[in-house]
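Peer 1: Starting from these lines, generate the structure:
(one chain, ligands or ions: 1)
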Amino acid sequence: MVKSNRILTVGAAQLGPIGLNESREAVVDRLLALLETAHDRGCDLVVFPELALTTFFPRWYFQEQGAIDRFFETAMPGPDTARLFERAAEYGIGFCLGFAELVQQDGETMRYNACILVDKEGTIVGKYRKVHLPGHADHLPERKWQHLEKAYFDVGDLGFPVWRTMGGIMGMCICNDRRWPETYRMMGLQGVEMIMLGYNTPATEPPWGFEPTHLASLHNNLSMQSGAYQNATWVIGVAKAGREEGCDMMGGTLIVAPTGEIVAQGRTLDDELVVADCDLDACNHYKNTVFNFAEHRQPDQYGLITETAGVVLPPE
Ligand code: CDV
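Peer 2: Numbers count the residues shown, from 1 in each chain. Predicted coordinates for the structure are as follows:
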């Protein structure tokens, strides 16, 4: 058998809690420590979680825009993140980083829950802005924790692109996006071979109401394993975990193979690097057989799919 030369050693860089007032400098120190471990373990690529530079700030209601904007980056790399880019390039490690992005577009200030893909030379090759923003737009004082993503972020405007880099076809999404089959399918239809995603998921109190801890973990795995299998792609899912300012965040960082199997998994609720050798050629088997889209998909027969976002019930 010919050995694949498309093996990427991937480090899923789970983060433990980040305090509300933890400085960017302190957080970047933690990212650099994980990068150092990734270097020692021979990683080609490191994936950091959603909003990896700050606490998960949408859990608080802030009235002043300035109190919200302090969590956003206006440049990438910026003053705090430049050393991450430099060290990663020195090591020849690519990375995916989630952060809050503040940008001027057509004379308007826009705020996105974003992530970037940086190649082994330190160049940003891709950007994704979160499309499926969960939670609510209004302050809900009866809730212990807010989930104000709909208030603090604009809906992502970049779709679900993929990029040819690091020897493969790479894509990204963020947290709640992982629960939606459309996310994976949009990238699957572009031949994606590795989807990188970070998440901040409460262990028991999502915005849709109380759930036993085992369901948070079941739905996390179920979504990523089915997305991987049905699109014959690797999925790297990376948690921000642990008790963050009193809110318990689930861990469960996963590396999922195109078979849908979990090949590596986080064991802690803290900073932890989960490593696996991911053979991009392992995508080929299912892409060429059961999920050969060109041969087996039947878009003409998918008549129930409509242009509206919601459900269209059949006539009574
Ligand atoms: N940050 C997220 O997008 N969190 C959502 C829920 C729990 C609000 C998630 O789907 O995990």
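Peer 1: Any idea how many residues pack against Gln230?
Peer 2: By the criterion of other C-beta atoms under 10 Å, Gln230 has 17 neighbours. Any C-beta I mention is one placed from the backbone N, CA and C, and that applies to glycine too.
Peer 1: Over to it. Which of the three states is it?
Peer 2: For Gln230, the secondary-structure state derived from DSSP: H, G, I helix; E, B strand; the rest coil is helix.
Peer 1: Isn't it up against Tyr184?
Peer 2: Yes. Taking C-beta atoms under 8 Å as the definition, Gln230 is a contact partner of Tyr184 at 6.8 Å.
Peer 1: Identify the bridge partners of the nearest residue to Thr74 once chain neighbours are set aside.
Peer 2: Excluding the flanking residues, the one nearest Thr74 by C-beta to C-beta, 6 or more residues apart in numbering is Leu102, at 5.2 Å. With DSSP bridges as the criterion, Leu102 is bridged to Arg111.
Peer 1: Was I right to think Leu102 contacts Ile68?
Peer 2: No. Using C-beta under 8 Å, Leu102 is not in contact with Ile68; the gap is 9.6 Å.
Peer 1: How about the residues of the chain by the ligand?
Peer 2: The interface of the chain toward the ligand, taken as C-beta under 6 Å from any ligand atom, is made up of 50, 134-135, 147, 175-176, 179, 199-202, 206-207.
Peer 1: Look up how far the ligand lies from Arg185.
Peer 2: For Arg185, the distance to the ligand equals 18 Å [C-beta to the nearest ligand atom, to the nearest Å].
Peer 1: residue contacts, that residue?
Peer 2: Going by C-beta atoms under 8 Å, 6 or more residues apart in numbering, Arg185 touches 230-231.
Peer 1: Start at 3, not 1
Peer 2: Done: numbering now begins at 3, and the last item shifts to Arg187.
Peer 1: Report the spatially nearest residue to Trp165, omitting neighbours in sequence.
Peer 2: Among residues not flanking Trp165 along the chain, Gly128 sits closest, at 4.3 Å (C-beta to C-beta, 6+ apart).
Peer 1: what about that neighbour, how many residues close to it?
Peer 2: By other C-beta under 10 Å, neighbour count at Gly128 equals 20.
Peer 1: Same check on Glu309?
Peer 2: Glu309 has 5 neighbouring residues, counting by other C-beta under 10 Å.
Peer 1: Next: Leu150.
Peer 2: Leu150: 23 surrounding residues under other C-beta under 10 Å.
Peer 1: For Gly305, give me the pLDDT.
Peer 2: At Gly305, the pLDDT value in this model is 81.
Peer 1: Doesn't it lie inside a strand?
Peer 2: No. Counting by three-state DSSP, Gly305 is not found in a strand; it is coil.
Peer 1: The strand or helix carrying Tyr201 pairs with which strands, parallel or anti?
Peer 2: Element membership of Tyr201 [criterion: DSSP states H and E] is strand 196-202. Paired neighbours of strand 196-202 in the sheet (DSSP bridges): strand 170-176 (parallel), strand 236-242 (parallel).
Peer 1: thinking again about what came up before, quick one: which of the residues of the chain next to the ligand is most hemmed in?
Peer 2: Busiest of the residues of the chain next to the ligand [other C-beta under 10 Å] is Asn202, holding 29 neighbours.
Peer 1: Let me see the contact set for that residue.
Peer 2: By C-beta under 8 Å, 6+ apart, the residues touching Asn202 are 51-53, 58, 177, 241-242, 251.
Peer 1: What is the burial count for Leu142?
Peer 2: 15.
Peer 1: what's the closest non-adjacent residue to it?
Peer 2: Gln148 (6.5 Å).
Peer 1: what sits against Leu104?
Peer 2: Counting by C-beta under 8 Å, 6+ apart, Leu104 makes contact with 71, 74-76, 111-113.
Peer 1: 6 Å instead, please
Peer 2: Contact analysis of Leu104 by C-beta atoms under 6 Å, 6 or more residues apart in numbering lists 74, 76, 113.
Peer 1: Check the gap between it and Val237 for me.
Peer 2: 29 Å (C-beta to C-beta, to the nearest Å).
Peer 1: And for Gly305?
Peer 2: Taken as C-beta to C-beta, the span from Gly305 to Val237 is 30 Å.
Peer 1: Of those two, which one has the most company?
Peer 2: Remark: of Gly305 and Val237, Val237 carries more neighbours, 29 against 7, as counted by other C-beta under 10 Å.
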